[in-house]
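A.B. asks: Please find the sequence and the predicted model below.
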Amino acid sequence: MREYRPATVLELVACTCDRCQRRLTADEPGEWQERLSLDHLCGFDSIFGDGNLVYLDLCQHCVRELLGAWLRIEPPADSREAGEFAQALANMPNVGKDEDFERRHE
């Protein structure tokens, strides 16, 4: 048997870019999904202060403008592998019907 208790959960519904002040919401999925939010707990001897918290929210445009020279951008490994597999399948010769995959209606 399971027992539950009520809980209050906060849901992030908007975010404002700390640089350009662009307001980001889920109504604009591309902008919303591509924002960069950073929450960092500073360690011992940090230039920001021991144990301080550093927060940053940037839209994708500001990320590119500010960090573009240092970003390494490439497709994920599994998407490259999937693309290679799809290309290999597309280049295979047509060998005819495969009865193992044929749908049978009785």
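C.D. replies: Everything's here; your move.
A.B. asks: neighbouring contacts of stretch 51-61?
C.D. replies: 15-20, 22, 24, 31, 34-43, 46, 48, 66 (C-beta atoms under 8 Å, 6 or more residues apart in numbering). The way it works is simple: take the backbone N, C-alpha and C, and place the C-beta from them, glycine included.
A.B. asks: how about L89, what does it touch?
C.D. replies: Contacts of L89 (C-beta under 8 Å, 6+ apart): none.
A.B. asks: Please identify which helix or strand holds it.
C.D. replies: Take DSSP states H and E as the rule and L89 turns out to sit in helix 77-90.
A.B. asks: How many residues are close by Y55?
C.D. replies: A total of 9 residues lie near Y55 under the criterion other C-beta atoms under 10 Å.
A.B. asks: If we go by neighbour counts, what in the helix or strand where it lies is buried?
C.D. replies: Assigned by DSSP H and E, Y55 falls within strand 53-58. For strand 53-58, the neighbour count (16 or more other C-beta atoms under 10 Å) marks 57-58 as buried.
A.B. asks: pLDDT on it, on average?
C.D. replies: The pLDDT scores in strand 53-58 average 98.
A.B. asks: Neighbouring strands - and their directions - for that strand?
C.D. replies: Strand 53-58 sits in its sheet next to strand 36-41 (antiparallel), going by DSSP bridges.
A.B. asks: which residues touch the strand it pairs with?
C.D. replies: For strand 36-41, using C-beta under 8 Å, 6+ apart, the contacting residues are 15, 51-58, 60, 63.
A.B. asks: picking up where we left off before, beyond the strand holding Y55, next helix or strand please.
C.D. replies: Heading C-terminal from strand 53-58 (DSSP H and E), you reach helix 60-67.
A.B. asks: Quick one: work out the angle between that following helix and strand 53-58.
C.D. replies: 110 degrees (axes from the mean of the first three to the mean of the last three C-alpha atoms, to 10 degrees).
A.B. asks: CA-only coordinates of helix 60-67 in PDB, if you can.
C.D. replies: The C-alpha trace of helix 60-67 is given here as PDB (Å, rounded to 0.1, in the frame of the first residue of the first chain):
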ATOM      1  CA  GLN A  60      20.000  31.800 -26.900                       C
ATOM      2  CA  HIS A  61      20.900  35.000 -28.800                       C
ATOM      3  CA  CYS A  62      22.900  36.400 -25.900                       C
ATOM      4  CA  VAL A  63      24.600  33.100 -25.300                       C
ATOM      5  CA  ARG A  64      25.800  33.100 -28.900                       C
ATOM      6  CA  GLU A  65      26.900  36.800 -28.700                       C
ATOM      7  CA  LEU A  66      28.700  36.400 -25.400                       C
ATOM      8  CA  LEU A  67      30.100  32.900 -25.600                       C
END
